[in-house]
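Asks: got a sequence here, can you build the structure:
(4 chains)
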Protein chains: 2
Amino acid sequence: MSAVKTPGRRPRSDGQRNRERLLVVAKAAFAAGEIDIALDEVARRAGVGIGTLYRHFSNRDALIEAVYCVELDRLAEAAPALAARHPPVEALRAWMILFVDYIAAKQIIAPALKGLVGGTGALYARSGDVLKAAIDGLVASAVESGDMRVNIEPLDLLRALAGVSNFASGPGWEASAKRLVDILIAGSQAPAP
Amino acid sequence: MSAVKTPGRRPRSDGQRNRERLLVVAKAAFAAGEIDIALDEVARRAGVGIGTLYRHFSNRDALIEAVYCVELDRLAEAAPALAARHPPVEALRAWMILFVDYIAAKQIIAPALKGLVGGTGALYARSGDVLKAAIDGLVASAVESGDMRVNIEPLDLLRALAGVSNFASGPGWEASAKRLVDILIAGSQAPAP
DNA sequence: CATATATACGGAGGGATACTCCGTTTAACA
DNA sequence: TGTTAAACGGAGTATCCCTCCGTATATATG
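Replies: Take a look at the predicted model:
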């Protein structure tokens, strides 16, 4: 009742192996731009049956989240380091740029982000939280230092950025996103005293 | 060769009637949140065959665009009036708020906007142009008046806003979007001399 | 009104996908 | 080595998008 899991038995090795394979294949496919790849195909490439895929990931969203969960955590973890090396506002700017780069690297993401930042679904909950915690911290520091207005909702910034990422298909979207970072930072800064 | 169309014959009345019915039904469905409604179902509700639907709208996107084309035009047309009644920056702010309200009224829209503002497709071309022209004009005025930085790409602002609209599902998204308008405006303004 | 014909209609059907179900196989443990 | 819970695989079901083509009809004309 207290433990997260009651391992009456060690998890089966083939189960873990297949799960891992699926994640690797899916990540590769997504990164290659095959956003809409059929799940049957993912299973085939991983050398497992479609039934196995669905046992590990109850649907497409679950798979996407699992793929990007680790990476999103990594992104969140980068925040403290940036905060230590830069003044608050610049740390925030740097992290937002990192966020854009991250999206650029792993195309798509957008659909995943939709769940993370805005969705009503309980899915993505954990990843969304760590991401929110990261930017919350950065913004809080900036506010404390007096460099940023107090009435900024950190998630708003993330939403705008994630939103732009939905247009990642168009040419020059990345430059567009980085310009937007500057605008958002400038618009969030405290007016000169 | 010069005219847009060579009406060797008057268009058939049943054709126009069915097209209109399809648009009405589709708009109602979209506005009701049935974003992913099957096109077969749209045809059924309109009392026409699926073949008829596809003859009028070559695919889902075409239908969506047709539904929102008129309304987007109306939004674009609102710009001049605002420009006449407000100082440049405030006109821009007002128009962006209007944009948010518009999205709020017609839910979804987001998928349509994706094509409009960012898409690579030639679809949506016309509506996208008028929308772009509207905000271009507003921003240009603000820049001329010296109230706004010169290196603002108007479309960036629209992209951010449209992006946030993708999260229209979450609670409080509208407030979030309006806060974002303020941040974007503030971030785009010229630094105090 | 009758005839001709361009235009539009309807819906069966092809192809693709998401997801389910269940009989079979296998890894873990005693 | 035997038992059993866990995992496997893939055929099957349910939807959807979109195409194709034979049929019906609105418009124009004699």
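
Asks: once you drop chain neighbours, what's closest to A:Arg60?
Replies: A:Leu39 (6.4 Å; C-beta to C-beta, 6 or more residues apart in numbering or on different chains). The C-beta positions use only the backbone N, C-alpha and C, and glycine is treated the same way.

Asks: can you check A:Tyr54 too?
Replies: Excluding the flanking residues, the one nearest A:Tyr54 by C-beta to C-beta, 6+ apart is A:Leu39, at 7.7 Å.

Asks: A:Ala46 versus that neighbour, what's the distance?
Replies: Separation of A:Leu39 from A:Ala46 (C-beta to C-beta, to the nearest Å) stands at 10 Å.

Asks: and for those two, which residues touch both?
Replies: A:Leu53 (C-beta atoms under 8 Å, 6 or more residues apart in numbering or on different chains).

Asks: of those two, who's got more company?
Replies: A:Ala46 (19 against 16; other C-beta atoms under 10 Å in any protein chain shown).

Asks: which strand or helix spans the spatially most central residue of chain A?
Replies: Geometric centre of chain A, nearest residue: A:Leu72, 4.1 Å, by C-alpha atoms, centre = their mean. Assigned by DSSP states H and E, A:Leu72 falls within helix A:60-85.

Asks: so which elements touch that helix?
Replies: helix A:13-31, helix A:39-46, helix A:88-105, helix A:110-113, helix A:125-144 (3 or more C-beta pairs under 8 Å, 6 or more residues apart in numbering or on different chains; DSSP states H and E).

Asks: if we use 6 Å, what do you get?
Replies: helix A:13-31, helix A:88-105, helix A:125-144 (3 or more C-beta pairs under 6 Å, 6 or more residues apart in numbering or on different chains; DSSP states H and E).

Asks: and it, is it in reach of DNA strand D?
Replies: No - contact of helix A:60-85 with DNA strand D (C-beta under 7 Å from any atom of the strand) is absent, the minimum separation being 13.8 Å.

Asks: could you give the angle of that helix to helix A:125-144?
Replies: 30 degrees (axes from the mean of the first three to the mean of the last three C-alpha atoms, to 10 degrees).

Asks: didn't A:Ser145 look like it was pressed against A:His86?
Replies: No - using C-beta atoms under 6 Å, A:Ser145 is not in contact with A:His86; the gap is 11.4 Å.

Asks: for chain B, what's its nearest residue on chain A.
Replies: A:Gly163 (1.5 Å; C-beta to the nearest C-beta).

Asks: what strand or helix carries the residue nearest to that residue when sequence neighbours are not counted?
Replies: Of all residues not flanking A:Gly163 in the chain, B:Gly163 sits nearest, at 1.5 Å (C-beta to C-beta, 6+ apart). Here B:Gly163 sits within helix B:154-165, counting by DSSP H and E.

Asks: how about that helix as CSV, C-alpha atoms only?
Replies: Written as CSV, here are the backbone C-alpha positions of helix B:154-165 (Å, rounded to 0.1, in the frame of the first residue of the first chain):
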residue,chain,number,x,y,z
PRO,B,154,4.8,41.1,-37.4
LEU,B,155,4.2,37.5,-38.2
ASP,B,156,6.2,36.5,-35.1
LEU,B,157,3.6,38.2,-33.0
LEU,B,158,0.8,36.4,-34.8
ARG,B,159,2.6,33.1,-34.5
ALA,B,160,3.0,33.4,-30.8
LEU,B,161,-0.7,34.3,-30.4
ALA,B,162,-1.8,31.5,-32.7
GLY,B,163,0.5,29.2,-30.9
VAL,B,164,-1.1,29.9,-27.5
SER,B,165,-4.4,29.3,-29.1
